[in-house]
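Participant: pasting the sequence and the predicted model now:
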Amino acid sequence: MIDKNYAPQEIENKWYAFWMENKLFASKPNPNKEPYSIVIPPPNVTGVLHMGHMLNNTIQDVLIRKARMEGKEACWVPGTDHASIATEAKVVAMLKEKGIEKKDISREEFLSHAFEWKEKYGGIILEQLKKLGASCDWDRTRFTMEPKLYQAVIDTFVRLYNKGLIYRGVRMVNWDPQGKTALSDEEVIYKDVQAKLFHIQYPLSDGSGSVTIATTRPETIMADSAICVNPADERYLHLHGKKVKIPLIDREISIIPDEYVSLEFGTGCLKVTPAHDLNDYELGLKHKLPVIDILNDDGTLNEKAQIYVGVDRFEARKRIVKELNEKGFLVQTEEYKSTVGTSERTGAVIEPKLSLQWFLKMEDLAKPALENVMNDNIQLVPAKFKNTYRSWMENVRDWCISRQLWWGQQIPAFYLQDGTVIVASDKKEALKIAREKYQLFALVEDDLTQDPDVLDTWFSSWLWPISVFDGIENPENEEISYYYPTNDLVTGPDILFFWVARMIMAGYEWRGELPFRNVYLTGIVRDKLGRKMSKSLGNSPDPLDLIEQFGADGVRSGLLFSAPAGNDLLFDEKLCEQGRNFSNKIWNAFRLVKGLQIEEGNNLPEHTLAIEWFQSKFNQTLVEIQDHFSKFRISDAILAIYNLIWDDFCGKYLEIIKPAYQSPIRKETLEATLNIFDQLMRLLHPYMPFITEEIWQNMEERKAGESICRAEFPKGGPSNTGLLSQFEQLFEIISKVREIRNTKQLSPKLALALYIKTSNASQYAAIEPILIKLANLENVQFTDNVVSDAQTFVVKADQFFVPLELNQDPAEVKAEAEKELGYLEGFKKSVEAKLANERFVQNAKADLVERERQKLADAVNKIKSLKEILEKLA
RNA sequence: GGUCUAAUAGCUCAGCUGGUUCAGAGCACCUGCCUUACAAGCAGGGGGUCCUAGGUUCGAAUCCUAGUUGGACCA
């Protein structure tokens, strides 16, 4: 006997191994099939699976499995990205533990350590995805630092440089003093902090008094180039043209007027520090102020600061405040709410810093990327993100693509000794250009120095949909021609700009075409309290533990039950439990069917009817599901299947055809039931791949290597609406009888008698056996008169009576019937009013008016029946 | 501060082009059942000022305006 509790662990491992052995997820271009491709958002090599990945990859797997079953050439390309800052930080930390400092080893040595690290830990997340059931074509696994993709990035750089889109320039960039690298604007996260606003007095050089400025960063006073006041500020008119001395270091600076300064904020006097503030930098450019950079790359003060040299910026702040206070320069300290930028990767407070970096011009690239999203050539799901996308793309700024790291693609820029830059795919090529272009025939490779910096990780991931098919290096190859553009991209809205927008740009730049047609943006997985799941809060369950506990199918369905596109999902283990229970329900339905004994023969007539009914129900639901799917309502789709299986198939259909204990079932009925089961498993397979495979394999003997993964997705067919409504009515009668049993506290085992007063008794002939079975009736009889001493109810226009020997208060019974009558009469009145309204009849659609008329007719019939019953009571 | 988005049952959310078969689902809750597939189950039940105030309309949970309160993104 099969265990009555479904145990997923062993079954899931077994089938994943089977799928891999039989290469069921492998794909290659097939001109006879329609291609369907997805590229995975490559997780960081440093990453481990978290709930966001689970959701995201489950959705991708649903899409790809369904496409595969629909006969498309489905290809899901997996891979990882090298995550330059995060990985470099991990490798540096690992080396430190071994007693090795990065500065003591060569770039080559460092990289070999990094690759070693990647080999060891970089594949973990992909292995975890297999536990989830992800049907990626694993033979295609790519990595952004592998040679081919590396080369694609280099070539991209060279080409964009030659096109004039990449330039090198001194700019104020976001400096991460911990990662010791520049960051792009998008890698900065602004956080609200409670800061202090220090009011500091600067003495006038002529000794005629002082001015007071307000700043949150007193440690930068040594970098001040000027004091600025608004020319319209009457308080400070007398100061124009005067000079002040910076406290502690006594350096003299001028007071300059500029409208930029707000009259209201602080004291109305602004210290201008061009080296350490973006706005001040621009002000400095305007007034030709000197730029004094007092910070080292690691955030400590340098000798230009004159004091506290070598001290960290935050420590220096404390000490300077103390000293200013002691020496009487600190006038006042005010609490102040402000925001600081922090590094997305290291969390360090960003330092605005002037430096020489490489930039990519975005204006031309952004144009088609904006246009084709706004006109829905590329569809964002949900569409509300179009707004955000637009505002970003319309205000796009040049992209700082250089990073002061070693782990990444090294910028292919080579410098001659005089500083001349030559951009070429390698040193040899650069030398060739140097010789030809600059006539430097004596030059050798050693005279060229390559730029030590690497490229931003996103500068390789933006090529991902193209580069995984080798479409940069070899733009005409069979793979890219077949699979590109990819179909759907599934990712989080948090990287809509970082990644999605840039892939779109790259798509148009390289292929003149969109990289994918639909972008499905998932919500953020939050905990029950609505907090974002994070390592630091420790509120994220370990996905592998969840899979262990509920099975991958349970976790997948649990996530999908509550995952509408773009809306955050408040994750609760309860959902996985519900998923597990669903698995168990299916498992037990299968146990029932599998355990039946067979007797030769055709269907019983009521079984034939039930089979027809279920097929209609199935077809009707399939239409709904396909509709949900076309709109990416994955959550609604799985709920529809859940209800179809649990309520309609298990709760109703199986109850109808189930023979009495130890009685056999007709062969024809069993075959039909197995066929239905098979269809249901195919329908459910994309969501719950493991249990559906297990059952499908056990339904009948399968050929070697055959799998539900490649079985045909149900196509559906017509549904008999008359039959559907007949069964609706049937189930309503059954419910009413059960309700009587329940409210009157009767045993479920007690068979009841049912009398029906109807003008059309023949309609009940076919369904009578079902009614008797599911409502547990001893018989069904027809009557022309109202039955007294009975519980009654009305369905459509027919009256039903369940005779019971109960001592009930007739007044109570009457009151109940009157209450229902009252409601119905109110209802009738409102429909009548509506139909009497000429403007309604004129303006509303014809079928709507017809439906209202039908409602009215139904209500009239029902009222008539109720009145009959009431008369009898009186 | 700017832009966007949301508010429906105790909780999480559906509700699509306005139409009382449209006020719904799941969970939670209450009652009764260990009925030979399933107690991870079965049967039944209660529960809502559809955020507030106006407006459009024959008709508003749905459209418009304002407000309140969340959330996201940007600065």
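Facilitator: That came through fine.
Participant: what about the residue nearest to the spatial centre of chain A, distance to RNA strand B?
Facilitator: Nearest to the geometric centre of chain A sits A:Thr522, at 2.1 Å (CA atoms, centre = their mean). Separation of A:Thr522 from RNA strand B (CB to the nearest atom of the strand, to the nearest Å) stands at 13 Å. For the C-beta atoms, the positions are set from N, CA and C on the backbone; glycine is no exception.
Participant: and if you look at A:Lys867?
Facilitator: 19 Å.
Participant: show me which residues of the stretch 201-350 of chain A are close to RNA strand B?
Facilitator: By CB under 7 Å from any atom of the strand, the residues of the stretch 201-350 of chain A that approach RNA strand B are A:Thr339.
Participant: just grab the bridge partners of the closest residue to RNA strand B within the stretch 201-350 of chain A for me.
Facilitator: Here the stretch 201-350 of chain A gets closest to RNA strand B at one residue, A:Thr339, 5.1 Å apart by CB to the nearest atom of the strand. Beta-bridge partners recorded for A:Thr339 (DSSP bridges): A:Asp192.
Participant: quick check, stretch A:575-589 touching RNA strand B?
Facilitator: Yes. Contact of stretch A:575-589 with RNA strand B (CB under 7 Å from any atom of the strand) involves A:578, A:580-581, A:583-585, A:588-589.
Participant: what's the spacing between that stretch and its chain's center?
Facilitator: 24 Å (CA atoms, centre = their mean, to the nearest Å).
Participant: count of neighbours near A:Ser262?
Facilitator: 11 (other CB atoms under 10 Å).
Participant: no no, A:Tyr661
Facilitator: A:Tyr661 has 5 nearby residues by other CB under 10 Å.
Participant: and it, how far from RNA strand B?
Facilitator: For A:Tyr661, the distance to RNA strand B - CB to the nearest atom of the strand - is 4 Å.
Participant: pLDDT for the residues of stretch A:575-589 next to RNA strand B - can I get that in JSON lines?
Facilitator: JSON lines is the format used below for these (pLDDT from 0 to 100):
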{"residue": "A:Gln578", "pLDDT": "90"}
{"residue": "A:Arg580", "pLDDT": "92"}
{"residue": "A:Asn581", "pLDDT": "93"}
{"residue": "A:Ser583", "pLDDT": "94"}
{"residue": "A:Asn584", "pLDDT": "93"}
{"residue": "A:Lys585", "pLDDT": "94"}
{"residue": "A:Asn588", "pLDDT": "94"}
{"residue": "A:Ala589", "pLDDT": "95"}
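Participant: most neighbours among these, please name it.
Facilitator: Greatest neighbour count in these, by other CB under 10 Å, goes to A:Ser583: 25 neighbours.
Participant: now do the contacts for that one.
Facilitator: By CB atoms under 8 Å, 6 or more residues apart in numbering, A:Ser583 lies in contact with A:6, A:8, A:551, A:553-554, A:557, A:688, A:691.
Participant: what are the phi and psi angles of it?
Facilitator: With angles defined as degrees, to the nearest 10, A:Ser583 sits at phi -50, psi -50.
Participant: got the residues of the stretch 601-750 of chain A near RNA strand B?
Facilitator: Contacts of the stretch 601-750 of chain A with RNA strand B, taken as CB under 7 Å from any atom of the strand, map to A:636, A:639, A:643, A:646, A:650-651, A:654-655, A:658, A:661-662, A:734-735, A:738-739, A:741-743, A:745, A:748-749.
Participant: farthest pair in the residues of stretch A:575-589 next to RNA strand B?
Facilitator: Farthest-apart pair in the residues of stretch A:575-589 next to RNA strand B is A:Gln578 and A:Ala589; separation 16.6 Å (CB to CB).
Participant: quick check: buried residues in the helix or strand containing A:Lys428?
Facilitator: Here A:Lys428, judged by DSSP states H and E, is contained in helix A:427-438. For helix A:427-438, a neighbour-count test (16 or more other CB atoms under 10 Å) marks A:427, A:430-431, A:434 as buried.
Participant: as TSV, the residues you listed with distance to A:Leu283 and pLDDT would be great.
Facilitator: Shown next, in TSV, are these (distance: CB to CB, whole Å; pLDDT from 0 to 100):
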residue	distance to A:Leu283	pLDDT
A:Lys427	42	94
A:Ala430	39	94
A:Leu431	44	93
A:Ala434	40	90
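Participant: same for the helix holding A:Lys428, what does it pack against?
Facilitator: strand A:413-415, strand A:421-423 (3 or more CB pairs under 8 Å, 6 or more residues apart in numbering; DSSP states H and E).
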